[in-house]
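Asks: one predicted model, sequence on top.
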Amino acid sequence: MRSATSDEARRYCNQDGGPRKVASDGCSVFFDVPEEHSFFLKSPTDYRTLAFLCQRLVNGVYGGNFPGGLVWLHMWNVGADYLMPLGWRIVEDMRRANGDQRPLDVAPAQIFREDETLDVQLFLMTAFGNGWPGCFVPAIGDFIVEFRSSHRLFFYCEKEATVKRLCMELKAFEPQVAT
């Protein structure tokens with residue numbers, strides 16, 4: 001895993017010349033297709049269920065073959081005062097353990113290889129649990145997860161079939177298709 005600046009995260013999201021793009025606001029990721037399909041679910045608040053959700057996102061939707069991906073935080077100074085320092089410490093310690101010294105204000109994104117499933121799960125759990133807004137962009141795939149400080153996860157999909165597949169995989173979390 002390695003940290004990434006916002007510019008590096010934008011390049012990551014725009015790679016391969018595919019339909020995935022970064023919006024003019026500089027941080028929202030979307031699919032440049034005639035019709036984007038979406039659904040949302042509420043992020044669990046208890047630890048075990050949150051861990052299960054992150055495991056499903058990273059391993060379940062890919063049949064255990066996580067392709068790598070990007071987690072890009074848009075804010076990390078929101079949420080409960082007693083939780084923020086804990087989240088910062090987790091993220092910074094993860095980075096230091098991998099030889100990376102850049103703080104969140106310099107490098108708010110993290111790029112994960114396909115063999116770093118536990119690392120991305122922990123990173124997502126920290127972001128979701130703290131209510132930090134951002135996005136999860138798998139290296140391969142036709143969906144993006146935008147997570148918000150309202151503890152809601154919005155899934156944006158290139159194809160309607162992806163919505164159906166993800167809703168089935170995540171049915172324990174009661175996904176709600178946007179209308």
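Replies: Nice, thanks for sending it over.
Asks: would you map the helices across the chain?
Replies: Taking DSSP state H, the helices of the chain run over residues 6-14, 47-58, 84-97, 117-130, 160-169.
Asks: who touches the nearest residue to residue 167 once chain neighbours are set aside in this structure?
Replies: Leaving aside its chain neighbours, residue 167 sits nearest to residue 175 (4.6 Å; criterion: CB to CB, 6 or more residues apart in numbering). Backbone N, C-alpha and C define where each C-beta goes, glycine included. Counting by CB atoms under 8 Å, 6 or more residues apart in numbering, residue 175 makes contact with 39-41, 155, 166-167.
Asks: of the residues you listed, just the buried ones, ChimeraX syntax please.
Replies: The buried subset of the contacts of residue 175, as determined by 16 or more other CB atoms under 10 Å, is captured in ChimeraX by this line:
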select :39,40,41,155,166,167
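Asks: as TSV, the contacts of residue 175 with distance to residue 86 and pLDDT would be great.
Replies: Conversion of those to TSV gives the following (distance: CB to CB, whole Å; pLDDT from 0 to 100):
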residue	distance to residue 86	pLDDT
39	30	95
40	26	95
41	24	95
155	27	94
166	30	92
167	32	94
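Asks: tell me the spacing between residue 93 and residue 51.
Replies: 18 Å (CB to CB, to the nearest Å).
Asks: of those two, which one has the most company?
Replies: Counting neighbours by other CB atoms under 10 Å for residue 93 and for residue 51 shows that residue 51 has the greater number, 16 against 10.
Asks: could you find the closest non-adjacent residue to the residue minimising distance to the centre of the chain?
Replies: Geometric centre of the chain, nearest residue: residue 136, 2.1 Å, by CA atoms, centre = their mean. The shortest distance from residue 136 to any residue other than its chain neighbours is 4.2 Å, reached at residue 145 (CB to CB, 6+ apart).
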